[in-house]
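> The sequence and its predicted three-dimensional model are supplied below.
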Amino acid sequence: MSPQPVTSNRQTRVGIVRDERYLLHKPGHTHPEHPNRLKAVYRMLDGDFSGDLIPIDPQPATLEHLELVHTPAYVKRVLKTADHRYTSLSPDTPASAETYLASWLAVGGCVKALDRLMDRSVDAAFCLIRPPGHHALKDRAGGFCVFNNIGIAARYAMQTYGLRRILIIDFDIHHGNGIHDLFHSENEILYFSTHDPMLYPYTGNGEDVGDGAGAGYTINIPLPRELGDDEFLYLYQEIAGPVMRAYQPQLILTAAGFDAHEEDPIGRSHLSEKVFGRLARLLMEWREEIGDPPILFALEGGYSPRALAASVKEVVLALLTPVHVEDAAGMQTQQVVDMVTRTRAIHRGYGVW
Ligand SMILES: [Zn+2]
């Protein structure tokens, strides 16, 4: 029998970025990154959380925000899609007439949430936005992503608030090659990603640890497809936990993709919605240990509207009601123990964690 969770009496003020204009990006009826994803999430919020959450209204990003990460030529290219019924930004990332607006607002939502976190009017924020961002490169769209929402948020936090230790956790089942490439040579941003290396964009090798000053500040953990909830949590517990304690981030940004869910039509993994809540609770617990730095979640993938809404619900519940998480140490398999050993061996010598 597992012990009963201990409920904390700490109250977390949770900000939520949502806006109907995120539904205006319409990549096509058969495209997986469909407005119905977010509609399902918003319906769930209205049904299950009315009054518990602090609304954060997004404003469109400024050119200055976008150019923290993207080239002016690329930003112009996205702007030119305005009012055209269909433009291909990349083979898998079409733009509709108002994609530019949703994309500007996706970045603007993250920037606004960051301001609210930094003025301490919220403790945690979840940006329920689209299009997603972690595959967007500085001069290119891809993987359904237009602008790199998290990448821009990180740069904005450095520039506006002078932060110098930012941890990015990416649990989307795809490797966030956009974030990875942006900060590959830097030590002021630590990128931690778990992903299926057999899926788009086929990057994120475990041996790739960053380069130059950033050597050791990229942690890529390729996942086997058959991984279960307890194994997934064990990995985070054994690696992300020590990373957080050693790095002592001033800000935690989470690329929150839910396509590792067993019902996801694109991811081929087998996680349940519960695991995302358990992971969020772990993150909140470690955050408390290191002095409560602000934590921001930004939606990435998750292509089954039902599973996405159910997974987001688990995370929001976890943010609102931190409880002690049961230790996953007793539930490990040899496979996951070997993965932890291998990751430690690769990173030994960099002295980051
Ligand atoms: Zn994904």
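Right, received. Where do you want to start? Numbers count the residues shown, from 1 in each chain.

> per-residue confidence at the residue of the stretch 51-200 of the chain at minimum distance from the ion?
Among residues of the stretch 51-200 of the chain, the one nearest the ion by C-beta to the ion turns out to be residue 174. It sits 3.6 Å away. For every residue, glycine as well, the C-beta is placed using N, CA and C. Note on residue 174: pLDDT of 98.

> got it, and residue 331?
At residue 331, the predicted lDDT confidence score is 70.

> so it sits right up against residue 234, yeah?
Yes - Residue 331 is within contact range of residue 234, at 6.7 Å (criterion: C-beta atoms under 8 Å).

> Just the element for residue 220, please.
Assigned by DSSP states H and E, residue 220 belongs to strand 218-222.

> Give the other helices and strands that the next helix or strand after that strand contacts.
Tracing the chain C-terminally past strand 218-222 and defining elements by DSSP H and E, one meets helix 229-235 next. Helix 229-235 sits against helix 273-289, helix 334-347, with contacts defined as 3 or more C-beta pairs under 8 Å, 6 or more residues apart in numbering; DSSP states H and E.

> hang on, the earlier thing: so residue 331 and residue 234 - more neighbours on which side?
The residue with more neighbours, out of residue 331 and residue 234, is residue 234; 23 against 15, by other C-beta atoms under 10 Å.

> number of nearby residues for residue 274?
Here the number of neighbours of residue 274 (other C-beta under 10 Å) works out to 12.

> ok, it - contacts?
Contacts for residue 274 were tallied using C-beta atoms under 8 Å, 6 or more residues apart in numbering; they are 229, 314.

> Distance-wise, check it relative to the ion.
Here the distance between residue 274 and the ion works out to 19 Å (C-beta to the ion, to the nearest Å).

> Isn't residue 79 up against residue 100?
Yes - with contact defined as C-beta under 8 Å, residue 79 and residue 100 form a contacting pair (5.6 Å).

> For those two, work out which one has more neighbours and name it.
In this comparison of residue 79 against residue 100, neighbours counted by other C-beta under 10 Å, the higher total goes to residue 100 at 24 against 13.

> What pLDDT is listed against that one?
Here the pLDDT value assigned to residue 100 is 98.

> Likewise for the one 10 residues further on?
According to the prediction, residue 110 has pLDDT 98.

> Now do the SS call for residue 169.
strand (DSSP: H, G, I helix; E, B strand; the rest coil).

> ok now do it, which residues does it touch?
Under the criterion of C-beta under 8 Å, 6+ apart, the contact partners of residue 169 comprise 192, 193, 240, 252, 253, 254, 255, 283.

> right, and out of those residues, which lies closest to residue 59?
Distance from residue 59 was checked for each of the contacts of residue 169 by C-beta to C-beta. The minimum falls on residue 253, at 19.2 Å.

> so the closest one bridges to which residues?
Going by DSSP bridges, residue 253 is paired in beta bridges with residue 168, residue 296.

> how about residue 261, phi and psi?
Here the main-chain torsion angles of residue 261 (degrees, to the nearest 10) amount to phi -70, psi 140.

> how near is it to residue 51?
Residue 261 sits 27 Å away from residue 51, taking C-beta to C-beta, to the nearest Å as the criterion.

> which residues of the chain score low on pLDDT?
Counting by pLDDT under 70, the ranges of the chain that qualify are 1-10, 324-326, 328-330.

> Which single residue in it comes nearest to the ion?
Distances from the chain to the ion, computed as C-beta to the ion, single out residue 301 as the nearest residue at 2.8 Å.
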